[in-house]
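Here is my input, please return the structure:
(3 chains)
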Amino acid sequence: MKSEPTEYSIDHLERDGVSSWFGVRNYQARNYMRDSMKVGDRVLFYHSNCKIPGIAGFAEVASLPHDDITQFIFSDKHFDPRSTPEKPTWQCVDVRFIGKLASVISLSELRSTPRLASMKILQKGNRLSITPVTDDEYEIIQSLI
DNA sequence: GCCAACGTTGGC
DNA sequence: GCCAACGTTGGC
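Numbers count the residues shown, from 1 in each chain, chains lettered A, B, ... in the order given. Predicted coordinates for the structure are as follows:
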């Protein structure tokens, strides 16, 4: 799961313990949270759009999917005028902090690991803020720490 | 339903 | 700041 550290970093999640992953406004990314995630699933916390983009820590899915309440809040930058509590558009899950890496596993390091070549987040043109990670990829990343 | 125009993402 | 790549919008 990607986040810009100036918006919400692994340090923020460590502080909060658990946080709702609100603000996703892409249908495919929403669908991963709504349809594919299970409580307890491991999450790689990725810092994007920053000096050293890469994996900054670990988290886990901590809730079933639920409405992203920011879609209903007029003053919120994630407000969606098409959404109503009766007909919501956006759902998200909560994530729980597991651990922070002493140093980020950088994007360039991920790219230079041949066995990770098929990782979704490394594919050309990928902009999705949430992408699935296979068990294999997860294990390989553990070995990079 | 098509598709041009526009907006966003995010690495560099 | 640039720009490739992609998603969304809206006229037709």
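
and the longest strand along chain A, how far out from the chain's middle?
Criterion DSSP state E: the longest strand present in chain A is strand A:94-106. Offset of strand A:94-106 from its chain centre (Cα atoms, centre = their mean, to the nearest Å): 11 Å.

Not counting it itself, show me its contacts.
The contact list for strand A:94-106, computed with Cβ atoms under 8 Å, 6 or more residues apart in numbering, reads A:1, A:10-11, A:13-14, A:16-21, A:42-43, A:47, A:52-63, A:66, A:141, A:144-145. Any C-beta I mention is one placed from the backbone N, CA and C, and that applies to glycine too.

List the buried residues of it.
Using 16 or more other Cβ atoms under 10 Å as the test for burial, strand A:94-106 gives A:94-97, A:100, A:104-106.

Name the nearest of those relative to DNA strand C.
DNA strand C has its nearest neighbour among the buried residues of strand A:94-106 in residue A:106, at 16.8 Å by Cβ to the nearest atom of the strand.

Quickly list what the closest one is bridged to.
Residue A:106 has these beta-bridge partners by DSSP bridges: residue A:54.

I'd like to know how far it sits from residue A:82.
Applying Cβ to Cβ, to the nearest Å, the value for residue A:106 to residue A:82 is 38 Å.

ditto for residue A:105
Residue A:105 sits 38 Å away from residue A:82, going by Cβ to Cβ.

Up against DNA strand C, what does chain A have?
Contact residues (Cβ under 7 Å from any atom of the strand) of chain A with DNA strand C: A:26-28, A:124-127.

which stretches of chain A form strands?
Taking DSSP E, the strands of chain A run over residues A:2-3, A:18-20, A:42-47, A:54-61, A:66-67, A:91-92, A:94-106.

Dump the ones you listed to JSON lines, plus mean pLDDT.
Output for those, formatted as JSON lines (pLDDT from 0 to 100):
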{"stretch": "strand A:2-3", "mean pLDDT": "97"}
{"stretch": "strand A:18-20", "mean pLDDT": "98"}
{"stretch": "strand A:42-47", "mean pLDDT": "98"}
{"stretch": "strand A:54-61", "mean pLDDT": "98"}
{"stretch": "strand A:66-67", "mean pLDDT": "97"}
{"stretch": "strand A:91-92", "mean pLDDT": "96"}
{"stretch": "strand A:94-106", "mean pLDDT": "97"}
